[in-house]
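Visitor: dropping the sequence and predicted coords here.
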Amino acid sequence: MNRIQILRLISIGAALLVGFWLPLRLIDIHLPWSVDVLLDLLISVASAVNIYLFFHTRERSWRKPKDWLSFGLFADLTCLLPLSLLEILIFQTQHKSLLLLNLLTVRHIWRIKSFLDEFHSLQPVVYRLVPIGLTMPLLVHLVACWWIGLGSGTAGPDPDHFVEYVRAIYWAFTTLTTVGYGDISAKTPPQMLLACCVQVLGVGVFGFVLSNVASLLSRVDAAREHHMDNLDRVETFMRSNRIPQELRTKVRTYYHYLWKNHRGYQDQSLLNDLPPKMQSELYFHINRAIIEKVSLFRNADREMLEDLMHELKPRIFSPGEKIFRAGEAGDALYFIHNGRVEILSGANELIAALEDGACFGEMALVSDKPRNATARAESFCHAYALSKESFNRVIVSYPLFRAHLEELAVNRGRHA
């Protein structure tokens, strides 16, 4: 983290500290005096940090008088004063009304969103869960302390501060979620007004939390939802067109394969929004182990390999499907991502069985001769195809490799 990020983290931490500690002070749940003064001094330090961030993270200058005209800046300047220490030095006692000013520091907890936005490596779920996880407990705590300050309703005060606080937390939860059970209720006008305000606030809070939780749950298994939507559409299509049951089973088997091996995504179209260079790097990372096994590319530059990766086209072959036949013009090299492919002679005899990581058909890139064998998928096979046209388009930019390729083609021609 850089300096500004560290200062923002201090600001957020101070907001949480004030939000949890100060309400307890205001309802006469005291820590030792020295701890209270230390915490108040920490608030002053955090306020100085907030003032620094006010001028350094926006287009403002402390030299311009108009930039000082801000309620937020005024609030931070007020919180800069060590109010607990001033109480003892000036009034020889502690005044709750003076400490209320420090609650203005709590507003900086909303910086958590902009703070998280600066960390691009975080998963999207973190951006939703962390703000809710910080603000909801703080809101319940503030409501509970306010309830205690007004007398705790029908439950009444309790000599044990912990028991009284737990009861108040219970009331705050049931009221904010608008399911209040009635075992603890308001009995004075101020308590009734607070209960009404909390219930109205609870409607918004409950709706906000519920919508976010529902959104998170739907994103947890978004791939399955995407797959099931596709499957529903395919089923509707097959029923409306009266597709035979045997063919329907084949189609369902294919979609089952997609879900089991690729979580329902059969291509990389979702990466199309990325810059070409970044797409090439991703494809290179995915297929590096495969392409390095091809002797043709053993001495190729990484940059050229990345460009070739961008030209790979995903193909899925069903069991028994012919990928190419003997005698056909060679037009592509194939890499097996997963699955099994049989190489057959012209007489339909098994020559080889290729599995994950293998490649075949590479002579199509360096020769115009027809295929001398047949390739057939033994099982569902996920492969990548590099067409001859794409290959020739890429190597134009790499004259050294093109010269090496021409030399290789000549040498193979002599031994043919």
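Guide: Everything's here; your move.

Visitor: just to be sure, residue 384 is in a strand?
Guide: Yes: judged by DSSP: H, G, I helix; E, B strand; the rest coil, residue 384 forms part of a strand.

Visitor: burial measure for it, as a count.
Guide: Using other CB atoms under 10 Å, residue 384 is surrounded by 23 other residues. In short, each C-beta sits where N, CA and C put it, glycine included.

Visitor: look up which residues are beta-bridged to it.
Guide: residue 314, residue 335 (DSSP bridges).

Visitor: over to residue 375?
Guide: Bridge pairing for residue 375 - DSSP bridges - gives residue 324, residue 343.

Visitor: pLDDT score assigned to it?
Guide: Residue 375 is assigned 92 on the pLDDT scale.

Visitor: ditto for residue 343
Guide: We note a pLDDT of 91 for residue 343 in this prediction.

Visitor: so how far is residue 387 from it?
Guide: Distance, residue 343 to residue 387, using CB to CB, to the nearest Å: 20 Å.

Visitor: same deal with residue 401?
Guide: 17 Å.

Visitor: what of residue 400?
Guide: Distance from residue 400 to residue 387, by CB to CB: 22 Å.

Visitor: who's more crowded, the two?
Guide: Between residue 400 and residue 387, residue 387 has the larger neighbour count (other CB under 10 Å), namely 16 against 12.

Visitor: find the nearest non-adjacent residue to the more buried one, please.
Guide: Once flanking residues are discounted, residue 387 sits nearest to residue 332: 4.7 Å by CB to CB, 6 or more residues apart in numbering.

Visitor: which residues touch that neighbour?
Guide: 361, 364, 385, 386, 387, 388 (CB atoms under 8 Å, 6 or more residues apart in numbering).

Visitor: so what's the first one scoring on pLDDT?
Guide: Which is residue 361. Residue 361 is assigned 84 on the pLDDT scale.

Visitor: now do the SS call for residue 372.
Guide: State at residue 372, reduced to three classes by three-state DSSP: coil.

Visitor: wait, doesn't it sit right on residue 326?
Guide: Yes: if you go by CB atoms under 8 Å, residue 372 and residue 326 touch, sitting 6.2 Å apart.

Visitor: check which helix or strand residue 159 maps to.
Guide: Residue 159 is part of no helix or strand when elements are defined by DSSP states H and E.

Visitor: now for residue 372 and residue 326: what residues contact both?
Guide: Counting by CB under 8 Å, 6+ apart, the common neighbours of residue 372 and residue 326 are residue 346.

Visitor: list the buried residues of the longest helix belonging to the chain.
Guide: Determined from DSSP state H, the single longest helix within the chain is helix 189-220. Of all the residues in helix 189-220, those buried under the rule 16 or more other CB atoms under 10 Å are 191, 194, 195, 198, 202, 205.

Visitor: one more: stretch 14-27?
Guide: Those would be 14-19, 21-27, for stretch 14-27 by 16+ other CB under 10 Å.

Visitor: just put these in a markdown table and tack on pLDDT.
Guide: Output for the buried residues of stretch 14-27, formatted as a markdown table (pLDDT from 0 to 100):
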| residue | pLDDT |
| --- | --- |
| 14 | 82 |
| 15 | 84 |
| 16 | 85 |
| 17 | 82 |
| 18 | 81 |
| 19 | 83 |
| 21 | 80 |
| 22 | 79 |
| 23 | 84 |
| 24 | 82 |
| 25 | 79 |
| 26 | 78 |
| 27 | 81 |
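
Visitor: of all the residues you listed, which comes closest to residue 48?
Guide: Taking CB to CB as the measure, residue 48 lies nearest residue 14 of these, at 10.3 Å.

Visitor: doesn't that closest one fall inside a strand?
Guide: No: using three-state DSSP, the assignment for residue 14 is helix, not a strand.

Visitor: looking at it, it is touching residue 42, isn't it?
Guide: Yes: counting by CB under 8 Å, residue 42 is a contact partner of residue 14 at 6.7 Å.

Visitor: what residues go with each domain of this structure?
Guide: Following automatic domain parsing, the chain resolves into domains at 1-121, 223-262, 269-415.

Visitor: in CSV, list those along with distance to residue 175.
Guide: CSV is the format used below for these (distance: least, CB to CB, whole Å):
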stretch, distance to residue 175
domain 1-121, 17
domain 223-262, 35
domain 269-415, 44
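
Visitor: nearest to residue 184 among those would be which one?
Guide: Closest among these, using CB to CB: domain 1-121, at 16.4 Å.

Visitor: follow-up on the earlier one: minimum pLDDT in the contacts of residue 332, which residue is that?
Guide: Within the contacts of residue 332, residue 364 has the lowest pLDDT, namely 81.

Visitor: how about it, secondary structure?
Guide: helix.

Visitor: what do you get for the one 3 residues further on?
Guide: With three-state DSSP as the basis, residue 367 sits in coil.

Visitor: all set, thanks.
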